[in-house]
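**Q** show me how the following folds:
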Amino acid sequence: MPVPDTVSAPWREILPQMHGAFAPGAPAADDVEGWRERRAQRATVLRASVDAALARFEPALRERTIAGVPVLEIVPRGARADDARVVVHLHGGGYTNGAARTSLPISARLADATGVRVLSIEYGLAPEQRWRATIEQVVAVLAALPGAGHPLERVAVYGESAGGGLAAGALLAMRDRGLGLPAALLLLSPWADVTDRGDTSITLRDAEPVFRYDAHLRSAALAYADPADQRHPHVSPVYGDFSKGFAPTLIQGGTRELFLSHFVRLYRAIDAAGGTAVLDLHEGMPHGFASMAPTSDESAAAFDRAQRFLAEHLTR
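**A** Down below sits the predicted model:
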């Protein structure tokens with residue numbers, strides 16, 4: 001797949017290596033042991049990048065439990081103890097993979113860039129845990145924060161990939177229950193429709209360098225939600241009703257992503273309902289680009305935009 005000369009030099013080197021270097025096909029939706037093995041493999045692969053992030057950003061880490069849900073607290077250098085602001089982080093991994101600790105390359109960088117402590121939720125993974133229970137965990141943590149000294153106007157939520165879809169879905173559930181909404185929502189490459197739909201699921205099927213839907217995503221989607229539930233707004237938030245209000249939302253992604261239509265459709269749904277939404281697209285970037293090539297112009301620009309969005313909406 002040709003690489004455009006309009007991306008930065010680091011990405012002109014990285015993209016050719018990514019194309020065709022796909023992970024093996026996903027386990028069957030109900031293959032619990034297969035998914036556990038995949039998680040162990042992923043943790044091993046990510047160990048070096050986690051160590052590098054800890055060395056670079058030097059955050060303080062603290063394991064906590066909020067509303068019965070395990071959470072990893074990431075405190076940036078120089079953070080004030082009396083700062084009530086927090087960012088709740090939901091890691092990616094296709095709902096079947098990932099962990100708070102293995103996602104430190106993005107959560108620790110976010111904490112360092114913004115100066116705000118991050119609470120990374122260790123939500124249950126599919127197929128052991130399905131979508132309703134996962135939504136309940138996220139809502140429970142968010143609903144407990146005001147009582148712990150973090151009013152919702154001082155809370156933002158950040159999710160990448162599946163964590164982005166989960167974040168938007170959980171906020172819809174929270175709003176529908178009359179629990180209020182946080183001050184801001186930041187989404188990086190959100191998997192906002194777990195069905196294989198949208199224009200770019202066709203046009204970018206062979207351009208996306210990270211995965212293929214049939215080989216890597218369909219099984220994960222089935223592990224997370226039955227087909228009859230996959231268009232539920234809490235599972236695939238592009239189908240949500242945003243006319244009842246929603247948090248100001250920043251959606252970031254790349255023009256080479258299979259999920260590009262997800263970003264556009266989610267942005268249009270929020271904007272058409274009168275909500276505040278910003279669509280921040282980056283030339284030639286693949287899925288989850290901001291967590292890769294940390295010194296690239298594109299990654300730096302994405303974090304800078306996220307920092308400015310938080311500064312605009314998150315009350316001190």
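**Q** low-scoring stretches of the stretch 151-300 of the chain, by residue?
**A** Applying pLDDT under 70 to the stretch 151-300 of the chain picks out no residues at all.
**Q** do a quick rundown of the helices in it.
**A** With DSSP state H, counting those that start in this stretch as the definition, the stretch 151-300 of the chain shows helices at residue ranges 162-176, 200-203, 218-224, 260-272, 297-313.
**Q** the fourth one: which residues count as buried?
**A** By that I understand helix 260-272. Judged by neighbour count (16 or more other C-beta atoms under 10 Å), helix 260-272 contains these buried residues: 260-267, 269-270. Quick note: C-beta positions are derived from backbone N, CA and C, even for glycine.
**Q** cool, and the first one?
**A** Under the neighbour-count criterion of 16+ other C-beta under 10 Å, helix 162-176 has 162-175 buried.
**Q** out of those residues, which one sits closest to residue 290?
**A** Sorting those by distance to residue 290 puts residue 164 at the head of the list, at 11.6 Å, by C-beta to C-beta.
**Q** the closest one and residue 91 touch, don't they?
**A** No: at 10.1 Å, residue 164 and residue 91 do not qualify as touching, with contact defined as C-beta atoms under 8 Å.
**Q** now the most centrally placed residue in the chain: closest residue in space that isn't a chain neighbour?
**A** When the chain is reduced to its mean C-alpha position, the nearest residue by C-alpha atoms, centre = their mean turns out to be residue 160, at 1.4 Å. Counting by C-beta to C-beta, 6 or more residues apart in numbering, residue 188 is the residue found nearest to residue 160 once chain neighbours are left out, at 4.0 Å.
**Q** ok, longest helix in the protein?
**A** helix 32-57 (DSSP state H).
**Q** and that one, what's its mean pLDDT?
**A** The pLDDT scores in helix 32-57 average 95.
**Q** of the buried residues of helix 162-176, which is the nearest to residue 83?
**A** Taking C-beta to C-beta as the measure, residue 83 lies nearest residue 167 of the buried residues of helix 162-176, at 21.8 Å.
**Q** show me what contacts that closest one?
**A** The neighbourhood of residue 167, defined by C-beta atoms under 8 Å, 6 or more residues apart in numbering, consists of 90, 138, 157-159, 185, 187, 190.
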